[in-house]
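Trainee: Turn this into a model:
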Amino acid sequence: MKKLILLVFAMCLSFTEINAQVYLGNSNEKITDKSLIKRAPVKKVPVSSTADEQATANTNKKYEDITDYSVELDFDSKIYGIGIGSDHYSFGMSFGDGYYSGILGVGFGDTYVKDNFLLKGRLHPYLGLLSTDYGGESKEEFTYGLLASIGIGVKVWTTKKGNSAFLTFGYQIIAPEFETSKMFDNGKFGVGISFVCW
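Mentor: Numbers count the residues shown, from 1 in each chain. Next up is the predicted model:
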């Protein structure tokens, strides 16, 4: 009877050892999880271009810098001008028959950019130099005042870095010596390019 019990006990130990080797492995084999775990299929994420990613990011943040270049015309006085500026500064030169002026303005402004359009407004106090020559009499004087401008633009291209260029149209008025009653006497239409850096 004791031999029978020892034999059954030995068989149980052998069976346990075999099962342990099957599930845990031995020094000569490795167990992988391929047969034990069913893997879920990997979904491929569509690859987007850098320009697309930057364009999406640009719609959700404020631009870092903007620079405006413009050519201006006062149809009534036949005075032509060129200008460069941004939200917070402006520099302009104007030319006409016996007329020259250069002004530098510093003040307030902002630009709203959304997708393919922009809308901008500026309000800059300025200092400048005015030179006139009428009837052989020339006169030069320092001038000051306030200039205001508005403009709209449409996107014409985007660089590889995600920066944008807009074709802009606008109108500028000037109040010499802050006399606002004469602002529209000095109005100029303008066309230009605005570069927006993100």
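
Trainee: helices or strands next to the lengthiest strand in the chain in the packing?
Mentor: Longest strand of the chain, by residue count under DSSP state E: strand 137-158. Secondary-structure packing of strand 137-158 (3 or more C-beta pairs under 8 Å, 6 or more residues apart in numbering; DSSP states H and E): strand 99-106, strand 117-134, strand 164-176, strand 188-197. For every residue, glycine as well, the C-beta is placed using N, CA and C.

Trainee: how about the longest one: buried residues?
Mentor: Of the residues in strand 117-134, L118, K120, R122, H124, Y126, G128, L130 count as buried by neighbour count, 16 or more other C-beta atoms under 10 Å.

Trainee: now the shortest one
Mentor: Along strand 99-106, the positions that meet the burial threshold by neighbour count (16+ other C-beta under 10 Å) are Y99, S101, G102, I103, G105.

Trainee: in the very next helix or strand once past that strand, what counts as buried?
Mentor: For strand 99-106, the following helix or strand on the C-terminal side (DSSP states H and E) is strand 108-114. Buried residues in strand 108-114, counted by 16+ other C-beta under 10 Å: G109, T111, V113.

Trainee: now the angle from strand 108-114 to strand 164-176?
Mentor: 150 degrees (axes from the mean of the first three to the mean of the last three C-alpha atoms, to 10 degrees).

Trainee: Give me the contacts around strand 108-114.
Mentor: 58-59, 63, 66, 86-88, 118-124, 164, 194, 196 (C-beta atoms under 8 Å, 6 or more residues apart in numbering).

Trainee: for stretch 172-188, same thing?
Mentor: 72-74, 79, 81, 83, 94, 126, 143-149, 171, 190.

Trainee: what's the neighbour count on S90?
Mentor: 23 (other C-beta atoms under 10 Å).

Trainee: who touches it in this structure?
Mentor: D68, G83, I84, I103, L104, G105, R122, H124, Y126, L147, S149.

Trainee: What's the mean pLDDT across stretch 118-127?
Mentor: On average, the pLDDT along stretch 118-127 is 97.

Trainee: Correction: the previous question concerned stretch 85-98.
Mentor: pLDDT averaged over stretch 85-98 gives 94.

Trainee: If anything else comes up later, I'll come back, but that's it for now.
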